[in-house]
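**Student:** attaching a predicted model along with its sequence, questions to come.
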Amino acid sequence: MILFFISEPNTAFNTHFTDMAETCGHRPLFATQAARGRTAYRLYASSMLVGICLVLIYRATHAPEAGESGRWAWFGMLAAELWFSFYWIITQSVRWNPVYRTTFKDRLSQLDEAELPCVDIFVCTADPVAEPPAMVVSTVLSLMAYDYPSEKLSVYLSDDSGSELTFYAICEAAQFAKRWLPFCRRHRVEPRSPAAYFAGSAEASDDKEHSDMKNLFREMESRIEAVSILGKVPKEQKTHKGFSEWTSDMTSKNHPPVVQILIDSREENSVDIDGTVLPTLVYMAREKRPQHHHNFKAGAMNALLRVSSVISNSPIILNVDCDMYSNNSQSIRDALCFVMDEEQGHDVAFVQFPQGYENTTDNDLYANAFKAINYVELSGLDDLGGPLYIGTGCFHRRNTLCGTKYSTEYKEDWKRITKMEKKESVSILEDTAKSLATCIYEFNTQWGKEMGLKYGCAVEDVITGLIIHCRGWRSVYFNPERKGFLGASPTTLLQTLVQHKRWSEGNLQIVLSKYCPLFYGHGKLKLGHRMGYCIYGLWAANSIPTLFYLTIPSLFLLKGVSLFPEASSPWFAPFAYVAVAKNAFSLVESFVSGDTLVGWWNIQRMWMLKRTTSYLFATIDNMLALVGASKAAFVITAKVAEADDSAKRYEREVMEFGTTASAGVMFVIIGTMALINLACLVVGLQRAVVDQAFGGLLIQNAVCGLVVALNLPIYEAMFLRKDKGRMSSSTVFASAGLSVLACVLPVL
Ligand SMILES: O=c1ccn([C@@H]2O[C@H](COP(=O)(O)OP(=O)(O)O[C@H]3O[C@H](CO)[C@@H](O)[C@H](O)[C@H]3O)[C@@H](O)[C@H]2O)c(=O)[nH]1
Ligand SMILES: [Mn+2]
């Protein structure tokens, strides 16, 4: 069964499409191809639907009588199965018709280069410890080095920590760019992040220019790291006038706005060593005051929108997180192919690239690579109205980000800003820009409401994208062979669980708000598109049914009470079919998306762990927020490995449970679930052998056995491992106590 393979170029569909367009005198800048194997897929989905209906019919008609044991559990199972069925149906939307895009950049190049629009690039950083300045600098350099006319590029770094360490690093980057950009051009370097490039090209270093460049980079890196370790910039290194903005009473949470234009491409001396113009480079730290809420990344992005409007005001904005460098110097041209296409580009608000990671292990230990989501789900959304805005690697039209509604008359004048005009002097520009980055600027304005990124949601990106879609725009998903952006994914279990808590919490918050895609999108978005949004919106809601399904049937094994049909019953078939077919399909989907078998198994384990911890807490926090008892927070994902040997364990794909106090409750839940199922499996199997009755509890034993199999690394971490990443003994004790309680209680 081959599903979702991209159809070969020049399929009937594509040829037809291209011919038609070309005879009308229009040469499209991109093509769209539908996935193959859709008929097979739809047959599978229909058979699943029949199976699911039979399962539900069985549940509804075979409940134990009042007074019989297991009656309440039976209804609980019915509720859980109803939920899973509903959720499964929702997930079909994005699998119905995935589409894949290709761009014709050569056609774009045939346009007069002078007519290409200016592009602003926004990079966000928030904490020089969690996000080391040396990493930020490589990201910034990779973006400055795009294969695009430099005089049309402006890179803005928003530093929410207002740290002079980051400012120092960016000053270094401004100098280094003078050598790095010509080097990239001459040698067609890929990727253009110096850190990534030199990490991957050690063998080529007999070339003198290459090794000189590498040395220069390493020297710069060590200067930045030395300053970071020192925690302040030594006086003699404060050569840039901008350092005068930092006064002794400045803290990351309390400081005036800082805007420094480090390179102004309009100035004559803004050239690299080859005499080619350098891109504009701006550092911004918006004002922070303890009494004013700063709205996290959304607040930073909105300040960037305003600050950039007086400096470059480019019609296209690329947004990247500081931990995601550009891995493909052609991405700007790719993105422009979509928005500038004369016939199909007018309603494209944003072009989203997938989030790729350079640090995932071979078998994707913590399931952070999201290969199936990237390859199948986002491609499926693409056909329904467009992918979500996922915060990084996304090209926007400035106007749509600022709130413009789509109308058929809307036409972007790409030639409006193709060159940055020489306006005021740098210092006047900086002063104007500062006044736009103050705390009070947004008072009584529509910023954060109707303008810019939306405030008040932990996933400001997703809700902003949703609102843009509801204003009539569509988005495009582009997943080229050479990944557009690569970043760092979490490298410990706790980091992963915390990141997923934020994501699932934010997405559920949208569903529970007036922006619920199903209702808010009614009449504005296709039903499939609304369902697609709900896949992520309802991630968290899976927690309770999953917890129920993974504990109750197992606990009933202890009592020998069956909650499923016997193996000899005809009703056994739909249960077996649904379970096997669902997993077989997900395995195929994973393979096609590039996962390994072990990788797929790891994904299943992580789904279980996330659903019982991150998603559970996300659900609880949302409930608390509804009654006003909890407030959204943004816990930044750490990008540096901890000092001990946890990085080595990560590379060896050994799960990390290290003794972090904040992990307490999450890890206790994980431990408890694992132990309950282990105990139940032992009793369940013993009963099956002693009573010679395999059939009656077969499914229950199988479910329990699977949970135990998924949990093997957990038992290892609890009882066998000796390294620092094992589960702490207090967590093991707590889990043991709770699981004994859970096993004994039902007997009482
Ligand atoms: O107060 C803040 C907090 C965060 N950030 C930046 O936001 C970005 C994302 O933060 P990170 O901790 O790396 O979160 P991730 O979970 O990796 O980010 C994903 O999820 C976020 C929403 O939860 C989106 O904002 C991101 O773009 C998306 O990549 C980083 O560049 C931060 O520097 C700020 O600028 N200000
Ligand atoms: Mn990140």
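**Tutor:** Right, received. Where do you want to start? Ligands and ions are numbered 1, 2, ... in the order given.
**Student:** now do the strands in the stretch 101-250 of the chain.
**Tutor:** For the stretch 101-250 of the chain, applying DSSP state E, counting those that start in this stretch gives strands covering 119-125, 153-159.
**Student:** partners of the last one in the sheet?
**Tutor:** For strand 153-159, sheet partners with direction are given as strand 119-125 (parallel), strand 280-285 (parallel), following DSSP bridges.
**Student:** what comes into contact with it?
**Tutor:** 118-126, 136, 140, 143-144, 146, 166-167, 170, 265, 279-286, 300-301, 303-304, 307-308, 311-312, 314, 322, 420 (C-beta atoms under 8 Å, 6 or more residues apart in numbering). Every residue, glycine included, has its C-beta placed from N, CA and C.
**Student:** out of these, which are close to ligand 1?
**Tutor:** With C-beta under 6 Å from any ligand atom as the criterion, these include 124-126, 300, 322 near ligand 1.
**Student:** run through the helices of the stretch 51-200 of the chain in chain order.
**Tutor:** Taking DSSP state H, counting those that start in this stretch as the criterion, the stretch 51-200 of the chain carries its helices at 71-92, 105-110, 133-144, 164-187, 194-200.
**Student:** let's have those helices in JSON lines, adding mean neighbour count, distance to ligand 2 and mean pLDDT.
**Tutor:** JSON lines is the format used below for the helices of the stretch 51-200 of the chain (neighbours: other C-beta atoms under 10 Å; distance: least, C-beta to the ion, whole Å; pLDDT from 0 to 100):
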{"stretch": "helix 71-92", "mean neighbour count": "17", "distance to ligand 2": "25", "mean pLDDT": "97"}
{"stretch": "helix 105-110", "mean neighbour count": "14", "distance to ligand 2": "28", "mean pLDDT": "88"}
{"stretch": "helix 133-144", "mean neighbour count": "27", "distance to ligand 2": "11", "mean pLDDT": "98"}
{"stretch": "helix 164-187", "mean neighbour count": "22", "distance to ligand 2": "16", "mean pLDDT": "97"}
{"stretch": "helix 194-200", "mean neighbour count": "19", "distance to ligand 2": "16", "mean pLDDT": "93"}
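**Student:** so which of those is nearest residue 238?
**Tutor:** helix 164-187 (7.8 Å; C-beta to C-beta).
**Student:** chain center to the closest one: distance?
**Tutor:** The chain centre lies 28 Å from the centre of helix 164-187; the measure is C-alpha atoms, centre = their mean, to the nearest Å.
**Student:** going forward can the numbers begin at 728, since that is how I track them
**Tutor:** In the new numbering, first residue 728, that becomes helix 891-914.
**Student:** now do the contacts for residue 1066.
**Tutor:** By C-beta under 8 Å, 6+ apart, the neighbours of residue 1066 are 1043, 1072, 1075, 1078, 1122, 1124, 1139.
**Student:** if we can go back for a sec, which among the ones next to ligand 1 among the contacts of strand 880-886 gets closest to ligand 2?
**Tutor:** Closest approach to ligand 2 among those (C-beta to the ion): residue 1049, at 8.1 Å.
**Student:** can you give me the neighbour number for residue 992?
**Tutor:** Neighbourhood size, residue 992 [other C-beta atoms under 10 Å]: 22.
**Student:** quick check: which of the strands paired with strand 880-886 is nearest to residue 1464?
**Tutor:** Taking the strands paired with strand 880-886 one by one with C-beta to C-beta, strand 846-852 is closest: 43.0 Å.
**Student:** the closest one near ligand 2 at all?
**Tutor:** No - applying C-beta under 5 Å from the ion, one finds strand 846-852 out of contact with ligand 2, separated by at least 9.5 Å.
**Student:** can you check stretch 1090-1107 too?
**Tutor:** No - Stretch 1090-1107 is not in contact with ligand 2 by C-beta under 5 Å from the ion; minimum separation 10.6 Å.
**Student:** what's the mean pLDDT across that stretch?
**Tutor:** For stretch 1090-1107, mean pLDDT is 96.
**Student:** gap between that stretch and the chain center?
**Tutor:** In terms of C-alpha atoms, centre = their mean, the centre of stretch 1090-1107 is found 10 Å from the chain centre.
**Student:** endpoints of it, how far apart?
**Tutor:** With C-alpha to C-alpha, to the nearest Å as the measure, stretch 1090-1107 spans 25 Å from end to end.
**Student:** that one close to ligand 1?
**Tutor:** No - with C-beta under 6 Å from any ligand atom as the criterion, ligand 1 is not reached by stretch 1090-1107; the gap is at least 9.9 Å.
**Student:** spit out the contact partners of the residue nearest to residue 1211 when sequence neighbours are not counted.
**Tutor:** Nearest non-adjacent residue to residue 1211, counting by C-beta to C-beta, 6 or more residues apart in numbering: residue 1080, 3.9 Å away. By C-beta under 8 Å, 6+ apart, the contact list for residue 1080 reads 1058, 1120-1121, 1204-1207, 1210-1212.
**Student:** any idea how far residue 1066 is from the residue of the chain found nearest ligand 1?
**Tutor:** Nearest residue of the chain to ligand 1: residue 1118, at 2.1 Å (C-beta to the nearest ligand atom). With the distance defined as C-beta to C-beta, to the nearest Å, residue 1118 ends up 19 Å from residue 1066.
**Student:** related to what we said a few turns ago, can you add secondary structure and give the contacts of residue 1080 back as JSON lines?
**Tutor:** Compiled in JSON lines, these are given as follows (DSSP: H, G, I helix; E, B strand; the rest coil):
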{"residue": "1058", "secondary structure": "helix"}
{"residue": "1120", "secondary structure": "coil"}
{"residue": "1121", "secondary structure": "strand"}
{"residue": "1204", "secondary structure": "strand"}
{"residue": "1205", "secondary structure": "coil"}
{"residue": "1206", "secondary structure": "coil"}
{"residue": "1207", "secondary structure": "coil"}
{"residue": "1210", "secondary structure": "coil"}
{"residue": "1211", "secondary structure": "coil"}
{"residue": "1212", "secondary structure": "strand"}
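**Student:** looking at those, which is nearest residue 825?
**Tutor:** Nearest to residue 825 among the contacts of residue 1080: residue 1204, at 9.5 Å, using C-beta to C-beta.
**Student:** so the closest one makes contact with residue 1109?
**Tutor:** Yes - between residue 1204 and residue 1109 there is a contact under C-beta atoms under 8 Å: 4.1 Å.
**Student:** who touches both of these two?
**Tutor:** Common neighbours of residue 1204 and residue 1109, using C-beta under 8 Å, 6+ apart, are residue 828.
**Student:** I'd like the strands paired with strand 880-886 as CSV, with mean neighbour count and distance to residue 1325 appended.
**Tutor:** As requested, those are exported to CSV (neighbours: other C-beta atoms under 10 Å; distance: least, C-beta to C-beta, whole Å):
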stretch, mean neighbour count, distance to residue 1325
strand 846-852, 26, 34
strand 1007-1012, 28, 43
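**Student:** quick one: closest of those to residue 1349.
**Tutor:** Residue 1349 lies closest to strand 846-852 among those, at 25.2 Å (C-beta to C-beta).
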